[in-house]
Each structure stands twice: as C-alpha cells, then as structure tokens.
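K.L.:
whatever this is, show me its structure:
(one chain, ligands or ions: 3)
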Amino acid sequence: MFEKSTWIRLPRNVVVGHGVLDDTVAAVEELHLAGDPLVVTSPTPAEVAGDRVVEAFADAGLDPQVVRIEEATFGAVEDVIEVAADGDVGYLVGVGGGKVIDVTKMAAEDVDKGFVSVPTAASHDGIVSARASIPEGDTRHSVAAEPPLAVVADTEILADAPWELTTAGCADIISNFTAVRDWELAHRLKNVEYHEYAGALSRMTAEMLVENADSIRPELEESAWIVTKALVSSGVAMSIAGSSRPASGAEHLFSHQLDRIAPNPTYHGHQVGVGSIMTEYLHSGPKGQWRDIRDALASIDAPTTADELGLDSETVIEALTTAHEIRDRYTILGDGMSEEAAREAARVTGVI
Ligand SMILES: NC(=O)C1=CN([C@@H]2O[C@H](COP(=O)(O)OP(=O)(O)OC[C@H]3O[C@@H](n4cnc5c(N)ncnc54)[C@H](O)[C@@H]3O)[C@@H](O)[C@H]2O)C=CC1
Ligand SMILES: O=C(CO)COP(=O)(O)O
Ligand SMILES: [Zn+2]
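P.N.:
Ligands and ions are numbered 1, 2, ... in the order given. Got it, this is the predicted structure:
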C-alpha cells in the first residue's frame, strides 16, 4: 500500500516591487488574521523599514507591539516568544536581515501564530523558507519553522541596502550548485531522500541568476528585483524539499564553522560562496567546474578568496577540516578532510 504523505507549506502573498512596503498592511489584511501584530526587528532595519511598518499598522487602527533583537540565538527566540504568547498578539512580522527573519519564524512556530516576512536586505534565501538556522555551542541547527504567510520585499529598500548584502544574496544562490551536488551524493551513498523538483528548481535558480549576472549592478533597482526573485525561488525549493538540502551542503557547513571560529565572521552568503568554490573542486577535481563558480561569484563582486573574506589561511583550513562535525548532514566532506587535502583544495582553487 502507498502510504507516503507530505506537506508543502508556501506563502500565500508574495509582494515584490518598488515601494511595496506601503502595501504591508494590505498584504496582511488580505490574510484575514485576527489580533494585533508583533513586529520583530533590529536596529538598522528598524530605521529603514521597521518603524514605518509599525506606524502603518497603528494608522490602520491596530496596536502593534515591537521586539528588537541583535542576534539569531535561542535566547532571542525566547525573548520574542515571551511577547508573542500575549493573547492580543495575532501574528508576527519579521522586518530585517536573515537573522531577524529566522528568529521571528521560529518564535511564530512555537506560539503557533502566523508569520509575515519583510526582508530589508536581499542577502539570504531564508526570506521564504520554512527553515530557521540557529547556532548553539558546537553545532548549528537547521530547524522546521513557520513559513511566511506573506512576503513583502520592497526593491527600493533592498536596492538601497549596502551592495555587499545583495552580492551575499547572489552568492547564497550560486552555492545551490554545490548544495544540490551534495544532496545527490548523499542520496546515492546514504539513501537520503532526494526530491527531483526541488533539486531541479534550486539548480535552475542558480543558473538563471548567473545568466543575468550582467544586470546585477550597484544602485540598479532591477538588480534587487532579479536577486529577490531568485531568493524566493530558492526558498520555495527548500519548502518543497521540507529541508534546507537544496540550498545548503558542505559549503554551508564550512560557513557555519567560520561563524564559530573566525575572529570576525563576515556575511553568510560571502562565506558560503567561497566554500562552494572549494567543495566544487572536491566534487569534480582540478579540471572541474570550480572555476565557473569562482567566475560567477567574481562577476557579481562577491569574494572568492580568504583575503577578501578577511580570513587567514589557517582559519580556512581549520573550518574545512572540522566542517563535517557541525551537523549530521552527509556531504562531499564525508567523515572529514585531512589537513593536507584541505590545504591542497584551498591552494589549487586560489582561496589561500
Ligand atoms: N532560514 C533559512 O533558510 C536561511 C537562513 N539564513 C541565515 O540568515 C543569516 C544571514 O542573513 P544576513 O541577512 O546575511 O545576516 P544579518 O541578518 O545579520 O544581516 C546582516 C547585516 O545587515 C544589516 N541590514 C539588514 N538590512 C539592512 C539595510 N537595508 N541597510 C543596512 N543594513 C541592513 C543587519 O542589521 C545586519 O547588521 C544567517 O544566520 C543564516 O544562517 C540564510 C539563508 C537561508
Ligand atoms: O542558509 C541556508 C540556505 O541558504 C540554510 O541554512 P542551514 O545550513 O542552517 O540549513
Ligand atoms: Zn545560505
């Protein structure tokens, strides 16, 4: 008897465009949610968008509450849950970067209330996904979280954000090439469940972004539009898969490890991009497609070397040789790289 079942949880309203922040209240009203909003934000995103969103809810006759967070930690999630559990709070609105959005969707899942995603940077593909990524001690959890009921992505605000945030979003998408390779490998070697549609969508999203690289330029609002569409598409791939597998492989483990050990970790997207150059080398060898990944990253101004990430060689080697320990996710790193092999991979690809 056929007994499989699956839930694919996707947003109902995805609103992308110039000035759409002003449509936030309308996008929420259309969902017929009861109660008042809880707006979760952080200092800079509050200035560029959060305060305006709070004001718009108040003008609409609602009584919005606000929680400001600084980091994506379980402590921050608890702080949001405490306020979100209030009976008057009907739904949560995350206004900010990837960390704010992850904390908000995790808190929303916990209190079983709706979540609305208002990104202020096109820097990561968690805008739409039903996953949250939270570090804890030596590990990093990729947990199921409340997917957004609505996404409001104002390209005017996204284009105005520092250019590095947009190139980080591009690199997060380019890393899908190696994430899908790792997923296929884990399927072949460990019988990990693989979803053809999610894998194909994730890869196609990266291909289309690379094809459009010429149109991704600073201060060009169209760039924010192209990148946001790719981030939405990649998030949908994660929702179809019910896991972050389509968008997170060994290159992400490398970045998560850098977040733990590097003296000054930098943007998530930039770190996974450099990781992707090296893990592509591990997949396809010195004559393989790692140059294509490097060139794609370079074409949109994303870092391709340890230097450009502000890292020394030894931190790169340590992250590469210990990345497999961060979570139970089978990738090309297998049960770990030797120091010599890590040095060779980083050297041949020009990362160090
Ligand atoms: N849940 C998921 O599926 C995914 C989660 N992530 C997570 O997202 C996080 C990375 O997201 P990021 O946005 O790179 O980090 P982030 O949330 O730390 O934001 C980076 C910086 O940009 C600032 N910022 C945001 N909007 C701005 C604006 N308009 N103007 C000026 N500054 C602005 C923030 O205040 C912050 O200082 C990581 O924790 C990563 O693990 C990343 C991809 C997918
Ligand atoms: O960053 C992600 C996809 O781009 C997902 O994060 P995890 O690696 O924590 O699942
Ligand atoms: Zn990512």
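K.L.:
what about the longest helix that the chain contains, average pLDDT?
P.N.:
Secondary structure assigned by DSSP state H gives helix 221-241 as the longest helix of the chain. Helix 221-241 carries an average pLDDT of 97.
K.L.:
which pLDDT value goes with the closest residue to Asp63 other than its chain neighbours?
P.N.:
Among residues not flanking Asp63 along the chain, Asp36 sits closest, at 4.7 Å (CB to CB, 6 or more residues apart in numbering). In short, each C-beta sits where N, CA and C put it, glycine included. If you check Asp36, the pLDDT there is 98.
K.L.:
now the one 5 residues further on
P.N.:
At Thr41, the model reports a pLDDT of 98.
K.L.:
now do the same contact list for it.
P.N.:
For Thr41, the contacting residues are Ala49, Gly50, Val66, Val67, Arg68, Ile69, Gly94, Val95, Gly96, Val100, by CB atoms under 8 Å, 6 or more residues apart in numbering.
K.L.:
and for Ser276?
P.N.:
Ala171, Ile174, Ser175, Phe177, Thr178, Glu251, Ile293, Leu297.
K.L.:
what is the helix or strand that contains Ala179 packed up against?
P.N.:
Secondary-structure assignment from DSSP states H and E places Ala179 in helix 176-190. Under the contact definition 3 or more CB pairs under 8 Å, 6 or more residues apart in numbering; DSSP states H and E, helix 176-190 sits against helix 196-211, helix 250-261, helix 268-284.
K.L.:
between the longest one and helix 221-241, how big is the angle?
P.N.:
Angular relation of helix 268-284 and helix 221-241 on a 0 to 180 degree scale: 60 degrees, by axes from the mean of the first three to the mean of the last three CA atoms, to 10 degrees.
K.L.:
same thing with the shortest one?
P.N.:
Computed by the same axes, to 10 degrees, the angle separating helix 250-261 from helix 221-241 equals 100 degrees.
K.L.:
let's see helix 250-261 as PDB, backbone CA atoms only.
P.N.:
Output of helix 250-261 as PDB, limited to C-alpha atoms (Å, rounded to 0.1, in the frame of the first residue of the first chain):
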ATOM      1  CA  ALA A 250      29.200  21.300   2.600                       C
ATOM      2  CA  GLU A 251      29.800  25.000   1.600                       C
ATOM      3  CA  HIS A 252      27.200  25.900   4.300                       C
ATOM      4  CA  LEU A 253      28.900  23.700   6.800                       C
ATOM      5  CA  PHE A 254      32.200  25.500   6.100                       C
ATOM      6  CA  SER A 255      30.500  28.900   6.600                       C
ATOM      7  CA  HIS A 256      28.700  27.700   9.800                       C
ATOM      8  CA  GLN A 257      32.100  26.600  11.100                       C
ATOM      9  CA  LEU A 258      33.600  30.000  10.200                       C
ATOM     10  CA  ASP A 259      30.800  31.700  12.200                       C
ATOM     11  CA  ARG A 260      32.100  29.800  15.200                       C
ATOM     12  CA  ILE A 261      35.900  30.000  14.800                       C
END
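K.L.:
run through who's touching that helix.
P.N.:
Contacts for helix 250-261 (CB under 8 Å, 6+ apart): 133, 135, 138, 140, 175, 178-179, 182, 244, 265, 268, 271-276, 278-279, 282, 309, 311, 315, 318-320, 322-324, 326-327, 329, 331-333.
K.L.:
of the residues you listed, which ones also sit close to ligand 2?
P.N.:
Near ligand 2, judged by CB under 6 Å from any ligand atom, the entries from the contacts of helix 250-261 are Ser133, Arg140, Ser244.
K.L.:
now do the contacts for the last one.
P.N.:
This means Ser244. Ser129, Arg131, Ser133, Ser142, Met238, His252 are the contacts of Ser244 under CB under 8 Å, 6+ apart.
K.L.:
how about a markdown table for the residues you listed, with distance to ligand 1 and neighbour count added?
P.N.:
Below are those laid out as a markdown table (distance: CB to the nearest ligand atom, whole Å; neighbours: other CB atoms under 10 Å):
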| residue | distance to ligand 1 | neighbour count |
| --- | --- | --- |
| Ser129 | 4 | 32 |
| Arg131 | 4 | 25 |
| Ser133 | 4 | 23 |
| Ser142 | 8 | 19 |
| Met238 | 6 | 26 |
| His252 | 8 | 30 |
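K.L.:
okay, who's weakest in those by pLDDT?
P.N.:
Lowest pLDDT among these: Ser142, 87.
K.L.:
buried set for the strand or helix carrying that one?
P.N.:
Using DSSP H and E, Ser142 falls within strand 139-144. Within strand 139-144, the residues that count as buried by 16 or more other CB atoms under 10 Å are Arg140, Ser142.
K.L.:
in its sheet, what does the helix or strand just after that strand sit against?
P.N.:
Heading C-terminal from strand 139-144, the first helix or strand you meet, by DSSP H and E, is strand 150-154. Using DSSP bridges, the strands paired with strand 150-154 are strand 13-17 (parallel), strand 114-119 (parallel).
K.L.:
ok, is stretch 118-129 in contact with ligand 2 or not?
P.N.:
Yes. With CB under 6 Å from any ligand atom as the criterion, ligand 2 is reached by stretch 118-129 at Asp125.
K.L.:
and that stretch, end to end?
P.N.:
13 Å (CA to CA, to the nearest Å).
K.L.:
pull out the buried residues from it.
P.N.:
Applying 16+ other CB under 10 Å to stretch 118-129 flags Val118, Pro119, Thr120, Ala121, Ala122, Ser123, His124, Asp125, Gly126, Ile127, Val128, Ser129 as buried.
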